[in-house]
Each structure stands twice: as C-alpha cells, then as structure tokens.
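[1] what follows is a protein structure lacking sequence information:
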C-alpha cells in the first residue's frame, strides 16, 4: 500500500534535507516532483494540483525558508496537508439513535460489499453491539448464501431472504426479525452492478426512502484509483452518502482513492479493509495514514493491533515465566500465534518508524510461511521436549523433522534461534532498567 508514493516522497525529501538552506526555486522543484508522484499514484489531477499549491503557499514563506531544519519543516507541512486532504480527523460510525440502527452498504459488483458486511458485523460485536445481517441482493443467489455463511462463522443472525422477494420488502420484514432476535443494528447488503445504472439507483433510493438508514456507506475498491472517486461521486449525488469503506487496502493500492475521495466528494472514509480475514477491518485515521505514506510508521495502530490480540492474563503469566527464566518453546509458539493475528509481517514492519526508509529492508519480504513452519516443528515435539529443549538429541531432531515435514537443518535453526532468545532475555533481565521494563510491559517478538 502506497509503496511507490512513499518511495518517491522519501527520495524528494532526502535531497532537501541535505541542503543547509532552502530557496524558493528548489522548493518549487521538489513540489513538482511531489505533484508527479501524486499523479502516478492515480490521485485526481485537480486534487494533486490544489494540494501542491497549498503546500507551495506555506513552503516558500518564513515558516520553512528561515527554519534551522528547512527539509524537516517541509516534511512536516506535507504531513499536515496530507492529513487535511484525507479529512483531518477520523470519523466514526454513528452508533446512537433509534434502534435498530440501519447501515446500508452500497457499491458496484465486485467491490467486496458482502464480505465487508460480515467484517462490519464482527467489528460491531467487538463493541458489544448486536448486529443482524440482511441480504438484499436478490439478483445473485450466491450473495445470499455467502451472507448466511459469514453469519454462521461469526454467530450473527441473518434474515432469511429469498430471490423472489422485493429488496424493500426484505428491509421492512428484517426490522421485525431483528427485534425478535434482540438485534440493535441492521446491516443491509444491497445489490451491485458492473457499472452504475438508473435501475440500480432507483432501487437504492426506494430503500433509503422506506428505511431511513442511519448510515449509507459506499464500499469501494481502493485498487481502482480515480475510478473509485467517480463511483463515489455518482452514489453521493443519488443517495447523499454518510461514509466510505475502502476495501483491498492491503493490496497494490496506489493511494489515489484514499487521497482523493474526501476532497472530491466531501464524504469521509470511515473504515478500511486491510485483508481477507473477517477481523481485517480498521478505523480510518487520516493523520496515521499520512505518517505511513511519508514512511514515518504508525505506532498507534500497531499498539491497537497488539492490544486486540494479546491477552492480559497470558501476558502476566509470561511475565512471571520471564522473571523465572522459564520461557519455553510452548511460550515461543504462543507468541507466534498472537503475532499472526496482528496481520502480515510486512504490514507490521511498515508501522515501525524508520524501517520503511532503511535501504537493507527495501528488498526484504518477510516469509509468512516461516511462522507456519516454525509452529509445525514445535507442534511435532512432545510436551516434555517443548518444556525442556535440551533433551532434543539427534534422533529426536530427525523424528521432529519428519513429523513436521521439514528438514533437520530447519529444526536445528529453530532451536538455535530459541536458545539465542533465551540468552537475550536472560541478559535483559540482568541488565537493570531495560530488562525490568521488558518484564513489566513488553512481550518478546519471537523471530
């Protein structure tokens, strides 16, 4: 996500940081490169033009030119303008009002509406709400079946709609169904088309008039760039959208949609889909996204991810084991499982400030299968071996390799890494303040 844009921004700003003093001419030269980078990222041309003009107006003044660190000051301005471009502050879903609240998901076919409905239901459950899924796409039987499957996976009721029913009738009947099920939020999965047409919009307008939804959320594919902006404009004119959910932000999204939609339509991006799993739906924070685009990481989002997956009781138990030097291979495996829940390793690394700008990491692509192999090796050990790795001799290593579908060399590599981690933790414990901080607050990252 934003990889090319981040790289071009960093290259431009690096040249500026090397200058002791900036002039109006080299600032303008840098801004031309910024504008080209935005256009290559498929940002709407008017948005790119106005964005660069706004930065230029601030950058050629005393705020930058008279600064002791003009290059850094310019980066600060770009960060602030990027944040403003994407809305300034995050906008949450409306969770108050007469229940059941109705969230109406709209968008083109293939944008990910049905999967997003399931993700949204799970996110609302985590907020102690009681959502109900409503399949209102009567033109695709597979969409109704998919929604029932998703509802079963996350234990959320799904209204039993059929393809013979009218979408408006489905919405009205679902209100009574939701009341019977004790639900306080209806998530309406509406029909999509391959392209916008008057018949689709008329149906959606009928649904809006009858149900008066609290939220009308456009589900848009971030990988479509400016096309997503045009789709948002059309839906907004017909329905007055309250928000946008951008999907596939973990893919090869160049950033055009995220940087353009709010500015062009005035509609806030409220959520972003960051993966295929049902828990891969995140709040959209403009300031954090700007920081990631500029290669400065996103520590707050990383902390929030960790807080969701790391269990407090397990953390306390682990703290006791670390204090007693009893960190076993079972604990090692448990940490791996928790890290897997946080998302891809590449995404985690991108959130750590500075890592995105390190040359040696540019070519580094974390091997997601490495965690799976490590877990398989540990699972192939006996409980006794996991608790006391020193008993694992040559014959045991051959057995473990055969049971995990790996090689003896890979088993040796794991055991060596584990032994090194034990020594590191032991040294940290002895090392005073830093070790005490780790034991009190931190969990080791087991790779």
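    Yep, that arrived. For clarity, every value in this text was computed on a predicted model and none was experimentally measured.

[2] can we go C-alpha only for contacts and neighbour counts from here?
    Fine.

[3] how about the strands in the chain?
    Counting by DSSP state E, one finds strands in the chain at the ranges 101-106, 131-136, 185-190, 215-221, 243-247, 269-273, 281-283.

[4] you'd agree residue 184 is up against residue 103?
    No. Using Cα atoms under 8 Å, residue 184 is not in contact with residue 103, being 11.0 Å away.

[5] more neighbours: those two, which one.
    Remark: of residue 184 and residue 103, residue 103 carries more neighbours, 25 against 18, as counted by other Cα atoms under 10 Å.

[6] look up how far residue 211 lies from the more buried one.
    In this view, residue 103 and residue 211 are 10 Å apart by Cα to Cα, to the nearest Å.

[7] how about residue 192?
    Per Cα to Cα, residue 192 is found 18 Å from residue 211.

[8] in terms of neighbours, single out the busier of these two.
    Using other Cα under 10 Å, the more surrounded residue of residue 192 and residue 211 is residue 192, with 23 against 17.

[9] how about the more buried one, what does it touch?
    By Cα atoms under 8 Å, 6 or more residues apart in numbering, the contact list for residue 192 reads 106, 107, 108, 109, 110, 137, 200.

[10] residues near the third one, how many?
    Spelled out, that is residue 108. Number of residues near residue 108 (other Cα under 10 Å) recorded here: 22.

[11] who's in contact with it?
    Contact analysis of residue 108 by Cα under 8 Å, 6+ apart lists 192, 193, 194, 195, 196, 219, 220.

[12] out of those, flag the one nearest to residue 8.
    Closest approach to residue 8 among those (Cα to Cα): residue 220, at 25.7 Å.

[13] tell me the most buried of the strands of the chain?
    Most buried of the strands of the chain, by mean neighbour count (mean count of other Cα atoms under 10 Å): strand 131-136, with a mean of 29.

[14] that one packs against which elements?
    Applying 3 or more Cα pairs under 8 Å, 6 or more residues apart in numbering; DSSP states H and E, one finds that strand 131-136 contacts helix 113-126, helix 141-154, helix 167-181, strand 185-190.

[15] whichever helix in the chain runs longest: how far from the chain's middle?
    Across the chain, the helix with the greatest residue count (assigned by DSSP state H) is helix 408-430. Computed by Cα atoms, centre = their mean, to the nearest Å, the chain-centroid distance of helix 408-430 equals 32 Å.

[16] thought residue 165 was touching residue 137?
    No. At 9.8 Å, residue 165 does not count as touching residue 137 under the criterion of Cα under 8 Å.

[17] what about those two, which has more around it?
    A count of neighbours by other Cα under 10 Å puts residue 137 above the other of residue 165 and residue 137, at 23 against 12.

[18] below-threshold pLDDT in the chain: ranges please.
    Residues of the chain meeting the criterion pLDDT under 70: 1-4, 16-22, 61-72, 250-255, 295-316, 318-319, 340-368, 425, 427-447.

[19] quick one on the thing from earlier: highest average neighbour count across the helices and strands packed on strand 131-136?
    strand 185-190 (a mean of 26).

[20] contacting residues around residue 143?
    114, 135, 137.

[21] got those residues as JSON lines, with distance to residue 90 columns?
    Below are those laid out as JSON lines (distance: Cα to Cα, whole Å):
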{"residue": "114", "distance to residue 90": "24"}
{"residue": "135", "distance to residue 90": "29"}
{"residue": "137", "distance to residue 90": "30"}
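
[22] out of the residues you listed, who's nearest residue 416?
    Distance to residue 416 across the contacts of residue 143 (Cα to Cα) is lowest for residue 114, with 45.7 Å.

[23] any idea how far residue 120 is from the closest one?
    Computed as Cα to Cα, the residue 114 to residue 120 distance reads 10 Å.

[24] what do you get for residue 35?
    35 Å.

[25] next one: residue 183
    According to Cα to Cα, residue 183 stands 14 Å off from residue 120.

[26] and the helices and strands packed on strand 131-136: which comes nearest residue 403?
    Closest of the helices and strands packed on strand 131-136 to residue 403 is helix 141-154, at 30.8 Å (criterion: Cα to Cα).

[27] got a list of what the residue nearest the centre of the chain touches?
    In the chain, the residue lying closest to the centroid (Cα atoms, centre = their mean) is residue 274, at 3.7 Å. The contact partners of residue 274, taken as Cα under 8 Å, 6+ apart, are 247, 248, 249, 250, 280, 281, 282.

[28] show me the domain layout of the protein.
    As given by automatic domain parsing, the domain ranges for the chain are 3-85, 101-296, 310-441.
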